[in-house]
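Enquirer: take this sequence and fold it.
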Amino acid sequence: MRAVLLKGSMAVLLAVSLLFVLAWFLQRRVIYFPERAAPPLPDAVREAVLRTADGLELAAWLVAPPPGAPDHRIAVLVTHGNGGDRSGRLPLARALADRGLTTLLLDYRGYGGNPGEPTEEGLARDADAARAYLLGEAGFAADRLIYFGESLGAAVAAGLAVRHPPAGLLLRSPFTDLAAAGRFHYPFLPVRALLRDRYPVSEPVSRISVPTTVLYGTADTVVPPEQSAAVAAAVARPAQVIVVPGAGHNDRLWLDGPEVLAAVEARRPPPR
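Expert: From the prediction side, this is the model:
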């Protein structure tokens, strides 16, 4: 009987160990959902080439104000979430450009035809390269940049804001950190112990004093609204908080809805 119990315990231990090994090595497949193919370049959009510190060349899209629109000489750097590619954020870029804000749609490594594989360190380098492009080839001043991060991209934008403070920061549907979001979806796993990519948001925003806006919906089933509220509470200076009743995580309003566009315009630095 004791031998049978011992064999059973060993089998359970082996199964649990195998589960943890798989979770360690395969976890990035449930974190990142890139669209791998390069999207076709739309009309009136300029393709930008970003050069990262580790030698990658990444394609991004620069959307400038169209003829007849004002040009405030302000650039919005958009760091998107963990799925899709830059083409999905084109309505946001066009709406902002119509309001005089040049918009750079960053695609990370491994997304949208770009080389490499996404990791936390890699995405930070990609964001640094995007900012360097705006300061260099695009010709914007450092104090005329706004960062707009959505979901996982909110962590990318928050980290960039610590390294290089912008004129304004917007975080849409942020989690407090990736482990907290992971525990919400995988409560049966020791997510914090297993995670290779951490993506903190609450901690870095507690160290920056730039004007910050946090936006989220009350019906978000991907990132709990409570986590976004906790991020807003952690911001070093009082954050503007915009809560959209009934809005989910991927609703169209987050691209070109009036709440979002007004929030970005409110973060515009004053004219020189």
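
Enquirer: element containing residue 155?
Expert: Taking DSSP states H and E as the definition, residue 155 sits inside helix 152-163.

Enquirer: show me what the helix or strand following that helix is packed against.
Expert: Next helix or strand after helix 152-163 toward the C-terminus (DSSP H and E): strand 168-172. Secondary-structure packing of strand 168-172 (3 or more Cβ pairs under 8 Å, 6 or more residues apart in numbering; DSSP states H and E): strand 145-150, helix 152-163, strand 212-217, helix 258-266. Every residue, glycine included, has its C-beta placed from N, CA and C.

Enquirer: identify the residues contacting strand 168-172?
Expert: Strand 168-172 has contacts (Cβ atoms under 8 Å, 6 or more residues apart in numbering) with 146-151, 154, 157-158, 161, 201, 205, 208, 210-216, 228, 231, 254, 260, 263-264, 267-269.

Enquirer: let's see it at 7 Å
Expert: Residues from elsewhere that reach strand 168-172 (Cβ atoms under 7 Å, 6 or more residues apart in numbering): 146-150, 154, 157-158, 161, 201, 210-215, 231, 254, 263-264, 267.

Enquirer: mind listing the strands for this structure?
Expert: Here the chain has its strands, by DSSP state E, at 33-34, 46-51, 57-63, 74-79, 83-84, 101-106, 145-150, 168-172, 212-217, 240-244.

Enquirer: make a markdown table from those and add mean pLDDT, mean neighbour count and distance to residue 186 to it.
Expert: Converted to a markdown table, the strands of the chain look like this (pLDDT from 0 to 100; neighbours: other Cβ atoms under 10 Å; distance: least, Cβ to Cβ, whole Å):
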| stretch | mean pLDDT | mean neighbour count | distance to residue 186 |
| --- | --- | --- | --- |
| strand 33-34 | 94 | 16 | 16 |
| strand 46-51 | 98 | 15 | 33 |
| strand 57-63 | 98 | 21 | 30 |
| strand 74-79 | 98 | 26 | 24 |
| strand 83-84 | 95 | 16 | 18 |
| strand 101-106 | 98 | 27 | 28 |
| strand 145-150 | 98 | 28 | 22 |
| strand 168-172 | 98 | 27 | 23 |
| strand 212-217 | 98 | 26 | 21 |
| strand 240-244 | 97 | 17 | 26 |
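
Enquirer: show me what contacts residue 244?
Expert: So residue 244 contacts 217, 253, 259 (Cβ under 7 Å, 6+ apart).

Enquirer: tell me the buried residues in the helix holding residue 155?
Expert: Neighbour counts over helix 152-163 (16 or more other Cβ atoms under 10 Å) mark 152-161 as buried.

Enquirer: okay, the angle between it and strand 74-79?
Expert: 130 degrees (axes from the mean of the first three to the mean of the last three Cα atoms, to 10 degrees).

Enquirer: for helix 152-163, name the packing helices and strands.
Expert: Contacts defined by 3 or more Cβ pairs under 7 Å, 6 or more residues apart in numbering; DSSP states H and E place helix 152-163 against strand 74-79, helix 120-135, strand 145-150, strand 168-172, helix 202-205.

Enquirer: now do it: distance to the chain's middle.
Expert: Distance of helix 152-163 from its chain centroid, counting by Cα atoms, centre = their mean, to the nearest Å, is 7 Å.

Enquirer: with stretch 140-160 instead?
Expert: On the basis of Cα atoms, centre = their mean, stretch 140-160 sits 8 Å off its chain's mean C-alpha point.
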